[in-house]
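Chemist: Fold the following, please.
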Amino acid sequence: MPRKPKDPTRLHGHHVVTGPELRATFSEEQDPGHPARFRRRLFHGVILTLLLGLIIAAVVGAWAVMSGVVKLPDAVASKTPQATCPTTSYRYLPNSKVTVHVYNATGRTGLAKSIADQLKARGYKVGKVDNAHTRYSGGSAQVISGSAGQAAAFNIQRNVAGTDYYRDDRTDASVDLVLAPGFKELVKPGLVDQTPGKLSCPRETRRIADDAPQPVPQSAAP
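Modeler: Next up, the predicted model:
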């Protein structure tokens, strides 16, 4: 019985790639218009575009945070004076133990220096004397300190009627006195109430506080 001729495309049960098949495969890879190659190029293009977009977004976001265009909530909260009112009752500190910085936000030339001189005459240690800008209104002045300066702030409030207290994140016991347009004069020395009491904080129905760090110095004469 004659033997069946062997199939040249089969070897031990496996298909042998022929020359025409190999050439056809390479022809498809080299053909830029072939559908399979076009799909691969399209997929790679989409991936590269997405990666480039993510890189650009990251760079823009980092620039916005560093330049201050976008502010992180924690950073803002740590710098903005807080309107939360302490419940502690404070004793009236001797004037000589209080360091106060005087800022004029009234627009009246020379007011900061005048009030600073009056406070010095009462025994206060006066630090900075300058003009400032504030959107605060409703009271005569802002009294601002850190936690360590709240007793000193209480003393200042007893000497300046109609003020509102704000707390910031300073660590020393100094106090800022920011004179607002409603300020008129210091309480007369003989009329200053020196009994213990609490700090006077903003009443939301009639006080408007600045939402920026206080104070913002200006360059005009104080």
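Chemist: quick one: low-confidence parts of the protein?
Modeler: In the predicted model, the chain carries pLDDT under 70 at residues 1-38, 65, 67-84, 203-222.
Chemist: Outline the domain layout of this protein.
Modeler: Here the domain assignment for the chain is 19-67, 79-217, based on automatic domain parsing.
Chemist: can you map out the strands along this structure?
Modeler: Assigned by DSSP state E, the chain shows strands spanning 10-11, 14-15, 99-104, 125-133, 141-145, 163-167, 175-179, 216-217.
Chemist: I'd like the ones you listed as JSON lines, with distance to Asp117 appended.
Modeler: For glycine as for every other residue, the C-beta is placed from the backbone atoms N, C-alpha and C. Shown next, in JSON lines, are the strands of the chain (distance: least, CB to CB, whole Å):
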{"stretch": "strand 10-11", "distance to Asp117": "109"}
{"stretch": "strand 14-15", "distance to Asp117": "104"}
{"stretch": "strand 99-104", "distance to Asp117": "10"}
{"stretch": "strand 125-133", "distance to Asp117": "8"}
{"stretch": "strand 141-145", "distance to Asp117": "17"}
{"stretch": "strand 163-167", "distance to Asp117": "19"}
{"stretch": "strand 175-179", "distance to Asp117": "13"}
{"stretch": "strand 216-217", "distance to Asp117": "19"}
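Chemist: closest one to Met66 among those?
Modeler: Nearest to Met66 among these is strand 216-217 (21.7 Å), distances taken as CB to CB.
Chemist: What is the longest helix of the chain by residue count?
Modeler: Counting by DSSP state H, the longest helix found in the chain is helix 35-67.
Chemist: quick one: contacts for Pro159?
Modeler: No Pro there; residue 159 is Asn. If you count contacts by CB atoms under 8 Å, 6 or more residues apart in numbering, Asn159 has them with 119, 122, 186-187, 192.
Chemist: hmm, I was thinking of Leu93
Modeler: Leu93 touches 151-152, 154-155, counting by CB under 8 Å, 6+ apart.
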